[in-house]
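Chemist: Dropping a prediction and its sequence here:
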Amino acid sequence: MKKILFPTDFSEVANNAFIHALEFAKIVNGELLLLHTFELPIVDNQFIPDNYYNIFDSLQLAQFDMFKEEIPKLRELAKKRNLDTIKLSHKLMDGDLIYAIKKVVKEENIDFVVMGTSGATGWESFFIGSNTGAVVTAVDVPVLSVPLEAQFEKIKTIGFTTRFREKDKAPLKQVIKIAKKTFAVVKCLYVKTSKSDVSEETINQWKTEFENEPVKFSIVNSDLVKDTILDFASHKSIDILAMITHKRNFFSELFRPSLTQKLSNISIVPILAMHEEN
């Protein structure tokens, strides 16, 4: 059974992502581990008030009480969607969110992380300085980012961007496994620029290797790589866009102001950040 980590602050953004996490768990035959973190105030040892430790204990207790109140609400959400058979466990930790996620991913042998995003657009929040974006680079497992506006619907089409590198095959095969669980098609995009060094022979080898899989390859000739990816996600009815994390620096350029309108059209597409094979 796959283990899915779901960090939550019990906000509207997180609760929407919780639905996606449940549905994703159903697809991959997984269980959810809910994680809530909180940070206690830092006090200079030289100026610790007499009642500091009482305050410390009170803050911890308040977080614990809030946690106990919110968990039943999430279980009720699961019940409403007939997903209450998904196994749920939970963990409350104090300290930095990213550190806690890294620790839990390692100790609990997590297979996936699902998180909600918010901001100008879900994509912008994900890739530019958000907690979710930081998690992508901090862990070695796929991270599914869910914008607030993304309502869960049956996954029929998964987009996957590639440069036809040998190391791209492992993430693609992982995406194919997910696609087969929900009878989806994987639409694989390669943007072939004027400087492309990928041969027709390589492309044909990929097509041959995956000819019996639910994969369709799209080769688009363009030097406007960013625009092409956005058009692809917008016009190909993509339900989830899987992208390999080696491109994360590229994403900071992807969301420049001139693409704001185009970006807003696809800001409700969840993103599955995959890790390339070393």
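Modeler: That came through, no problem. Just so we're clear, the structure is a prediction, and the values are computed from it rather than from any experiment. Numbers count the residues shown, from 1 in each chain.

Chemist: Low-confidence regions, the chain specifically.
Modeler: For the chain, the stretches with pLDDT under 70 are 40-63, 119-133, 246-268, 277-278.

Chemist: Strands of that one, start to end?
Modeler: With DSSP state E as the criterion, the chain has strands at 2-7, 30-38, 88-94, 112-117, 143-147, 157-161, 185-192, 215-221, 240-244, 271-274.

Chemist: in the stretch 151-278 of the chain, which spans are helices?
Modeler: Assigned by DSSP state H, counting those that start in this stretch, the stretch 151-278 of the chain shows helices spanning 169-181, 200-209, 225-235, 248-254, 260-264.

Chemist: Using TSV, lay out the ones you listed together with mean neighbour count and distance to residue 91.
Modeler: Placement of C-beta: from N, CA and C, glycine included. Formatted as TSV, those follow (neighbours: other C-beta atoms under 10 Å; distance: least, C-beta to C-beta, whole Å):
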stretch	mean neighbour count	distance to residue 91
helix 169-181	17	25
helix 200-209	12	41
helix 225-235	18	34
helix 248-254	14	27
helix 260-264	14	35
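
Chemist: could you dump those to TSV with distance to residue 2?
Modeler: Converted to TSV, these look like this (distance: least, C-beta to C-beta, whole Å):
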stretch	distance to residue 2
helix 169-181	10
helix 200-209	25
helix 225-235	26
helix 248-254	24
helix 260-264	31
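
Chemist: looking at these, which is closest to residue 12?
Modeler: Each of the helices of the stretch 151-278 of the chain was scored for nearness to residue 12 using C-beta to C-beta, and the closest is helix 260-264 (19.7 Å).

Chemist: for stretch 229-249, the distance to its chain's centre please.
Modeler: 12 Å (C-alpha atoms, centre = their mean, to the nearest Å).

Chemist: Same check on stretch 145-159?
Modeler: 11 Å.

Chemist: Redo the strands of the chain as CSV? Include mean neighbour count and distance to residue 200.
Modeler: CSV is the format used below for the strands of the chain (neighbours: other C-beta under 10 Å; distance: least, C-beta to C-beta, whole Å):
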stretch, mean neighbour count, distance to residue 200
strand 2-7, 22, 37
strand 30-38, 20, 39
strand 88-94, 16, 49
strand 112-117, 27, 35
strand 143-147, 26, 34
strand 157-161, 22, 19
strand 185-192, 20, 10
strand 215-221, 15, 9
strand 240-244, 24, 22
strand 271-274, 24, 25
